[in-house]
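>>> Here is a sequence together with a model predicted from it:
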Amino acid sequence: MKTYTIKVAGYTRHLPIVKIRENLSIASFNLLGDVELVQATAKELLQQLPHLDVLITAEAKGIPLIYELSKMLKLPRYVVARKQVKSYMFKPIVHEVHSITTAESQILALDYEDAAFLNYKRVAIIDDVISSGSSLEALETLVNKAGGQIVAKACILVEGESVDRQDVIHLDELPLFTDEMVEKHPE
């Protein structure tokens, strides 16, 4: 399997290049379980974040990052938008999303309690990778519906359409790969 090497926050990782659809592959970045990279990237992102009250991410790969950031900021709580409405959710706020890595549309949902917690708070939206920006936009919609004020949008890596975004704090960039690029890629 071909890989793409990144160096972020002082660490090197070799990401597998994975085909996600016809003539499009990504360098698959998986933060889950990578404790040292979570800690290092959280430390670097922390230096760039403005004053805030709460962090939010979409389930699931951003969770360790907002946990670590919350610890560093001494925040008592963070919010995770779920990928499905759970039976315990009371009056959930729901928004549809079309992610680059998911074949079908999905939803992001906030429980009433989480939405109420965001109300009147300064909120930073955090993710591991932002590509098309659709998950980010869904989170923005949820935060706005909940009455939160978005003060920052941040991630470890941007790719695709999001590389040129000026409104997203990020540490590095990832390329998208066509089949021809994968064939020529040396790793």
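Yep, that arrived.

>>> use CA for all of it now, contacts and neighbours both
Noted.

>>> in this structure, what spans have low per-residue confidence?
Residue ranges of the chain with pLDDT under 70: 99-103, 187.

>>> residue contacts, the residue most central in space within the chain?
Nearest residue to the geometric centre of the chain (Cα atoms, centre = their mean): Asp127, 1.7 Å. Remark: with contacts taken as Cα atoms under 8 Å, 6 or more residues apart in numbering, Asp127 is in contact with Thr57, Ala58, Lys61, Gly62, Leu65, Ala154, Cys155, Ile156.

>>> before we move on, which element is it in?
Per DSSP states H and E, Asp127 falls inside strand 122-130.

>>> how distant is that strand from the center of its chain?
A distance of 6 Å separates the C-alpha centroid of strand 122-130 from that of its chain, computed with Cα atoms, centre = their mean, to the nearest Å.

>>> Tell me the helix or strand right after it.
helix 134-146.

>>> what angle separates that following helix from strand 122-130?
160 degrees (axes from the mean of the first three to the mean of the last three Cα atoms, to 10 degrees).

>>> May I see the buried residues of helix 134-146?
Buried residues in helix 134-146, counted by 16 or more other Cα atoms under 10 Å: Ser135, Leu136, Ala138, Leu139, Glu140, Thr141, Leu142, Val143, Asn144, Ala146.

>>> rewinding a little: Provide the partner residues of the residue nearest to the centre of the chain in its beta bridges.
When bridges are taken as DSSP bridges, the partners of Asp127 come out as Cys155.

>>> Also Leu110?
Those that pair with Leu110 in a beta bridge, by DSSP bridges, are Ile93.
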